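K.L.:
Give me the fold of what follows.
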Amino acid sequence: MAFSRMLCKELQEWKNSPFRKPLVIRGARQVGKTTAITEFGKEFDTFIYLNLELAADRRIFESNLPAASVLQRIYLEKGTQKQGDTLIFIDEIQNSPKAVELMRYFYEDFPDLFVISAGSLLEIMIDTHKISFPVGRVEYRYLFPLSFLEYLGALDEQKAITAFSTLPVPDWAQDRLFELFHQYTLTGGMPETVDRYSKTRDITSISAVYQGLISAYKDDVSKYAKTTTEVTVIRHIIETAATEAGGRITFERFGNSPYRSREVGNALRTLERAMLMYLVYPSTNTMPPVIADLKRKPRLQFIDTGLMNFCANIQAQYFTVDDLNALYRGKLTEHIVAQEFMAMETTYIKKPVFWVRELKQSSAEVDFLVPYRNKIIPVEVKSGKEGTLRSLHSFIDISGCSLAVRLYRGPYTVSKTATPKGTPYTLVNVPYFHCSKIADYLNLQN
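P.N.:
Alright, predicted model coming up:
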């Protein structure tokens, strides 16, 4: 299950950098961290793997030995020695605060050593156990479920990859890319799911994988929830989040529960630190910078759209429509677009932002705001005619923005148009499978 991931290119750049620091890979369970780094380890003369969920590996770090002695003990325990380029991979590092502390000494005392660590519940353990990575002594990368381009690679769709990399996409490839993007939205991007589907091409064959992932996430709760009540609330959210994801949520009585706003809010923020779901807040800004308004209702983003489909029991609906916007009140298209946006950034968690205007007389909501050349570009995920873009028009009338994007089930086109109030603007229509290429399409307008 060795997929080509965007992270692999970044790991290669990290290896070749003269300013390299020990690297920390962050991501939820089962998004492919261990597989990607183990595959990367094949490029080294010596590769040493330590899993700190195992007591034997954890004990190496539990003594109060200096870094040099710990390093010698690692070589001794693993029956090897430093030969040529050596990569030490410390997996599940959150299980040993002392291993975290030693990261700074690997940086200061052994600059020729390559060190990567990873952790699935890292964000939570940092908070719970007051673990602190040495500031300025490590660097970070984030890994999410497979992007659409990574998915195409996993399925060995070479012609589709070539077409996807062409702007605009050739006419002959449009329908095939839409078909593959719908398939990707159905299955999602969790590596084990994609691996199973690439071998069987049968969506029913991967139900056990989805169920196993959900069970594992629920089992993890006992590792970080502080009280019995918190365990119950978090598990309830995991079980019901799929039916709420993609839309704006209210904490109070979330998922038809009796739980209060504070309980649900704390549980959701814990799950966000576990990188299982994200609270995406809106902005009311029409000019840079885009600042999320934490006082307004957020949109809920689940870890993976395929997992969301399974939990919400809506997989069969994919076989009845040709346009994703016809599914689940359009929420699925917005959800997979947001998932693509997040997968594009690996140096930090870049949550998408949407725009709202909430007045008693009228309200408006634009699906996404995309920074571009000191501007804010409104992006709507829509089907139908251009004239139905009411919220987009409200944003343009207020901001004076002269450029906007519509993601839809159709080819790339550009139209010079105006809002009902007469504000002129250019609408760039982009096929939604190319949502990760919005900036490239905007560049074509200049």
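
K.L.:
Verify the stated contact: residue 336 with residue 305.
P.N.:
Yes - with contact defined as C-beta atoms under 8 Å, residue 336 reaches residue 305; the gap is 4.7 Å. To be clear about C-beta, it is placed using only N, CA and C from the backbone, and glycine gets the same treatment.

K.L.:
Would you map out the domains in this structure?
P.N.:
Split into domains by automatic domain parsing, the chain comes to 6-142, 354-443.

K.L.:
For residue 244, find the nearest of the ones you listed.
P.N.:
Each of the domains of the chain was checked against residue 244 via C-beta to C-beta, and the shortest separation belongs to domain 354-443, namely 16.0 Å.

K.L.:
now do the same end-to-end measure for the closest one.
P.N.:
Domain 354-443 stretches 22 Å from its first residue to its last (C-alpha to C-alpha, to the nearest Å).

K.L.:
Can you tell me the closest non-neighbouring residue to residue 332?
P.N.:
Setting aside the residues directly before and after it, residue 332 is nearest to residue 324 in space (C-beta to C-beta, 6 or more residues apart in numbering), at 5.7 Å.

K.L.:
Spit out the contact partners of the one you found.
P.N.:
Remark: with contacts taken as C-beta atoms under 8 Å, 6 or more residues apart in numbering, residue 324 is in contact with 181, 182, 185, 332, 333, 336, 409, 432.

K.L.:
Tell me the one of those nearest residue 374?
P.N.:
When the contacts of residue 324 are compared against residue 374 (criterion: C-beta to C-beta), the nearest one is residue 432, at 26.0 Å.

K.L.:
Distance of the closest one relative to residue 43?
P.N.:
Distance check for residue 432 against residue 43: by C-beta to C-beta, to the nearest Å, it reads 36 Å.

K.L.:
Pick out whichever of those two has more residues nearby.
P.N.:
A direct count of neighbours by other C-beta atoms under 10 Å for residue 432 and residue 43 places residue 432 higher, at 25 against 14.

K.L.:
about what we covered before: give me the subset of the contacts of residue 324 lying in helices.
P.N.:
Of the positions in the contacts of residue 324, 181, 182, 185, 332, 333, 336 sit in helices, assigned by DSSP state H.

K.L.:
Now the fifth one. Nearest residue, chain neighbours left out?
P.N.:
Take residue 333 and drop its neighbours on the chain: the residue closest to it by C-beta to C-beta, 6+ apart is residue 324, 4.3 Å away.

K.L.:
just the first one next, same as before
P.N.:
For residue 181, ignoring the flanking residues on the chain, the nearest one in space by C-beta to C-beta, 6+ apart is residue 433 at 3.7 Å.

K.L.:
what do you get for residue 424?
P.N.:
Counting by C-beta to C-beta, 6+ apart, the nearest residue to residue 424 once its immediate chain neighbours are dropped is residue 418, at 4.8 Å.

K.L.:
Distance check, residue 131 against residue 106.
P.N.:
Taking C-beta to C-beta as the criterion, residue 131 is separated from residue 106 by 16 Å.

K.L.:
where are the low-confidence patches of the stretch 51-200 of the chain?
P.N.:
Scanning the stretch 51-200 of the chain for pLDDT under 70 picks out the ranges 129-130.

K.L.:
show me where it has helices.
P.N.:
With helices called from DSSP state H, counting those that start in this stretch, the stretch 51-200 of the chain shows them at 55-62, 67-77, 97-109, 122-128, 148-154, 158-164, 171-187, 191-200.

K.L.:
circling back to that earlier point, for the residue nearest to residue 424, what are phi and psi?
P.N.:
Dihedral pair for residue 418: phi -150, psi 160, per degrees, to the nearest 10.

K.L.:
again with the one 5 residues further on
P.N.:
With angles defined as degrees, to the nearest 10, residue 423 shows backbone torsions of phi -80, psi 120.

K.L.:
going forward can the numbers begin at 896, since that is how I track them
P.N.:
Sure, I'll start counting at 896 from here, so that last one is residue 1318.

K.L.:
rewinding a little: and for residue 1231 and residue 1200, which residues touch both?
P.N.:
residue 1080.

K.L.:
In contact with residue 1149, which residues?
P.N.:
Counting by C-beta under 8 Å, 6+ apart, the residues that residue 1149 touches are 1131, 1132, 1135, 1139, 1159, 1163.

K.L.:
From the residues you listed, list the buried ones, please.
P.N.:
1131, 1132, 1135, 1139, 1159, 1163 (16 or more other C-beta atoms under 10 Å).

K.L.:
Just the pLDDT for the last one.
P.N.:
According to the per-residue confidence, residue 1163 scores 95 in pLDDT.

K.L.:
Residue 1132 is in contact with that one, correct?
P.N.:
Yes - Residue 1163 lies in contact with residue 1132 (C-beta under 8 Å); the separation is 6.4 Å.

K.L.:
Overlap of the contact sets of those two?
P.N.:
Common neighbours of residue 1163 and residue 1132 are listed as 1149, 1172 (criterion: C-beta under 8 Å, 6+ apart).

K.L.:
Against residue 1289, how distant is residue 1038?
P.N.:
Note on residue 1038: its distance to residue 1289, by C-beta to C-beta, is 37 Å.

K.L.:
ah, wrong one, I meant residue 1336
P.N.:
23 Å.

K.L.:
And residue 1098, by the same measure?
P.N.:
39 Å.

K.L.:
And residue 1257, by the same measure?
P.N.:
The value you get for residue 1257 to residue 1289, if C-beta to C-beta is used, is 8 Å.

K.L.:
swap in residue 945?
P.N.:
Relative to residue 1289, and taking C-beta to C-beta, residue 945 is found at 55 Å.

K.L.:
Then residue 1142?
P.N.:
Summarising the geometry, the distance separating residue 1142 from residue 1289, computed by C-beta to C-beta, is 20 Å.

K.L.:
ok, those two, which is more surrounded?
P.N.:
For residue 1142 and residue 1289, the more surrounded residue by other C-beta under 10 Å is residue 1289, and the numbers stand at 22 against 15.

K.L.:
Need the per-residue pLDDT for the more buried one.
P.N.:
94.

K.L.:
Next, the buried residues of the helix or strand where residue 1157 lies.
P.N.:
Counting by DSSP states H and E, the element that carries residue 1157 is helix 1156-1168. Residues of helix 1156-1168 classed as buried by neighbour count (16+ other C-beta under 10 Å): 1158, 1159, 1162, 1163, 1165, 1166, 1167, 1168.
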